[in-house]
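> The sequence isn't on hand, but the structure is:
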């Protein structure tokens, strides 16, 4: 049994080198398809980072009426802190508002007017994890109706629209990925099929000499795995260094998943084995 | 050992075998004769289940054509050695590797494979050709490789489909002599041929086919 298994493994390796043209075609097909898929994966991975970036900007600011008492707004801040959709609350009193004004406009408002007209405000940071637009909108309309609230500054609508567009882009992107995967399976499967039909005589000789299906199939699986490893590895190197080049040439910050190589090679092996299996089913009349 | 019971198989309306009733015993040597298209190859294919009867059944070495599942056909073929007119050798492998193939399929160890292949090479007078490739050999030598590959696994039966069809008379006689030697050692041999001259002086059983029907035998 061990002798037979060793023979099958060595046959898989020998076939890979014996059928140089077929192996080369399969590797090129896998390389092209997985370079496209890998690039899409990197783009998808960075789209998520973009959404995370927008979500980190989910804040709103509540401006209070001038005569609001400290006990009132302190109690209000405490109340806001207990809300699940809020991650953090920051109170900006009159002095701090004046400092911000000076920093932004270069003038001391108290010195200029003789008094501080700037209102007390509360900056609210929303939780990225529990974020829901409906809940935020409902919270804002509740706060707007409070007596001591003068105004609320919130850019949620724009962010909401932006996220809707990003989600639409992700959906289109996913459809595109599914189409590419389907096409890849077809192209790789046809390439494997072509290389197998060239060896129909070989398969028949094995059959007439009493080879079981396992015996016939195993070297083809090994050959297919080798082709997938080489094709996938080339695609990974290509995708990685393309994005590294883009980053350094255009000054971008496109991030690469540290497990990208596992995704590409693993998935190409899966498609390679699936394609080989489909082709063998036809060739062995299963 | 081999039994055909009202067996029919047809490729089209005009070709195939019809209503065959036939028994072949253990250790028998017999010729399957008839003109081209008479059904000799079909009869042999029915014996190694390459085709399955459309009517009737075939019993061979304990396998029944009706009951044997497709996935178990290889078990029957391990017991049969098939010799083809067009040799069906692997061109990218040496003579030694071609002959060793059935032993790898049967899961034998390296030492046993070496031993069996040496015996087969000796019997077919191919010892000096073991590291050559099929395209470096003559037709007769290639056919001997095909025979060596068929006998190396010590089959219970040898099915030879026109093994001398492409050979000159001297090479043909040599092939027949090897098959007779194999038969003497206890293996049944069924040889399809339309070379009546070659078998004229032999006293073996002759099964004659014409238009897919059994005429005598």
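In hand now; what should we look at? Quantities reported herein were computed from a predicted structural model and do not represent experimental measurements.
> from here on, contacts and neighbour counts on C-alpha atoms
Will do.
> Tell me where chain B has strands.
Across chain B, reading from the start of the chain, the strands by DSSP state E fall at B:2-10, B:16-24, B:29-33, B:55-60, B:63-64, B:80-83, B:157-161, B:188-193, B:205-210, B:213-216.
> so which of those strands comes closest to chain A?
Shortest distance between chain A and these, using C-alpha to the nearest C-alpha, is found for strand B:80-83: 7.2 Å.
> So which elements touch that closest one?
Strand B:80-83 is packed against helix B:139-151, strand B:157-161, with contacts defined by 3 or more C-alpha pairs under 8 Å, 6 or more residues apart in numbering or on different chains; DSSP states H and E.
> Report the contact partners of the most centrally placed residue in chain B.
With distances taken as C-alpha atoms, centre = their mean, the residue of chain B nearest its centroid is residue B:159 (2.1 Å). Residues touching residue B:159, when contacts are defined by C-alpha atoms under 8 Å, 6 or more residues apart in numbering or on different chains, comprise B:44, B:80, B:81, B:82, B:83, B:189, B:190, B:191.
> closest to residue A:276 among those?
Comparing the contacts of residue B:159 against residue A:276 with C-alpha to C-alpha picks out residue B:82 as the nearest, at 28.4 Å.
> Can you tell me the closest non-neighbouring residue to the closest one?
In space, not counting the residues next to it along the chain, residue B:82 is nearest to residue B:159; the distance is 4.9 Å by C-alpha to C-alpha, 6 or more residues apart in numbering or on different chains.
> Residues contacting stretch A:203-220, please?
Against stretch A:203-220 from outside (C-alpha under 8 Å, 6+ apart): A:8-13, A:15, A:276, A:280, B:71-78, B:80-82, B:88-89, B:102, B:105-106, B:150.
> Now do the residue in the stretch 51-200 of chain A that chain B sits nearest to: how many residues are near it, please.
Distances from the stretch 51-200 of chain A to chain B, computed as C-alpha to the nearest C-alpha, single out residue A:199 as the nearest residue at 10.2 Å. Neighbouring residues of residue A:199 were enumerated by other C-alpha atoms under 10 Å in any protein chain shown; the total is 14.
> quick one: it and residue A:279, what's the gap?
The spacing between residue A:199 and residue A:279, counted by C-alpha to C-alpha, to the nearest Å, is 12 Å.
> Which members of the contacts of stretch A:203-220 are positioned in helices?
Taking DSSP state H as the definition of helices, those contribute A:8-13, A:15, A:276, A:280, B:73-77, B:102, B:105, B:150.
> From the contacts of stretch A:203-220, list the buried ones, please.
Among the contacts of stretch A:203-220, those classed as buried by 16 or more other C-alpha atoms under 10 Å in any protein chain shown are A:8-9, A:11-13, A:15, A:276, A:280, B:73-78, B:80-82, B:88-89, B:102, B:105-106, B:150.
> Start and end of stretch B:77-97, how far apart?
Taking C-alpha to C-alpha, stretch B:77-97 runs 19 Å from one end to the other.
> what's the model's confidence in stretch B:57-64, averaged?
Mean pLDDT, stretch B:57-64: 94.
> how distant is it from the center of its chain?
16 Å (C-alpha atoms, centre = their mean, to the nearest Å).
> what does the lowest-mean-pLDDT helix or strand in chain B contact?
Taking mean pLDDT, DSSP states H and E as the measure, chain B has helix B:196-199 as its least confident helix or strand, at a mean of 85. Contacts of helix B:196-199 from elsewhere in the structure, counted by C-alpha under 8 Å, 6+ apart, are B:33, B:169, B:172, B:173.
> can you check stretch A:5-23 too?
Outside of stretch A:5-23, the residues within contact range by C-alpha under 8 Å, 6+ apart are A:191-192, A:195, A:215, A:218-223, A:226-227, B:104.
> Residue A:247 reaches residue A:253, doesn't it?
Yes. Judged on C-alpha atoms under 8 Å, residue A:247 makes contact with residue A:253 at a distance of 5.8 Å.
> what about the residue in the stretch 151-286 of chain A positioned nearest to chain B, which helix or strand?
Closest approach between the stretch 151-286 of chain A and chain B, counting by C-alpha to the nearest C-alpha: residue A:210, at 4.3 Å. Using DSSP states H and E, residue A:210 sits in no helix or strand.
> count of residues packed around it?
Applying other C-alpha under 10 Å, we find 26 residues neighbouring residue A:210.
> Chain B against chain A: which residues are in contact?
Residues of chain B found near chain A, taking C-alpha under 8 Å from any C-alpha of the partner chain as the criterion, are B:71-78, B:80-82, B:88-90, B:102, B:104-110, B:150.
> which other helices and strands contact the longest helix along chain B?
Once chain B is assigned using DSSP H, the helix that runs over the most residues is helix B:169-184. If you count contacts as 3+ C-alpha pairs under 8 Å, 6+ apart, helix B:169-184 packs onto helix B:139-151, helix B:196-199.
> Pick the most buried one from the ones you listed.
Comparing the helices and strands packed on helix B:169-184 on average neighbours per residue, with mean count of other C-alpha atoms under 10 Å in any protein chain shown, the densest one is helix B:139-151 at a mean of 25.
> separation between residue B:186 and residue B:28?
Computed with C-alpha to C-alpha, the distance linking residue B:186 and residue B:28 is 9 Å.
> whoops, residue B:136 was the one
Per C-alpha to C-alpha, residue B:136 is found 34 Å from residue B:28.
> quick one, which of these two is more surrounded?
Under the neighbour definition other C-alpha under 10 Å, residue B:136 and residue B:28 were set side by side, and residue B:28 has more, 17 against 13.
> Number of residues surrounding the closest residue to the more buried one other than its chain neighbours?
Once its chain neighbours are removed from consideration, residue B:28 has its nearest residue in residue B:188; the separation is 4.9 Å (C-alpha to C-alpha, 6+ apart). The local packing of residue B:188 (other C-alpha under 10 Å) involves 25 other residues.
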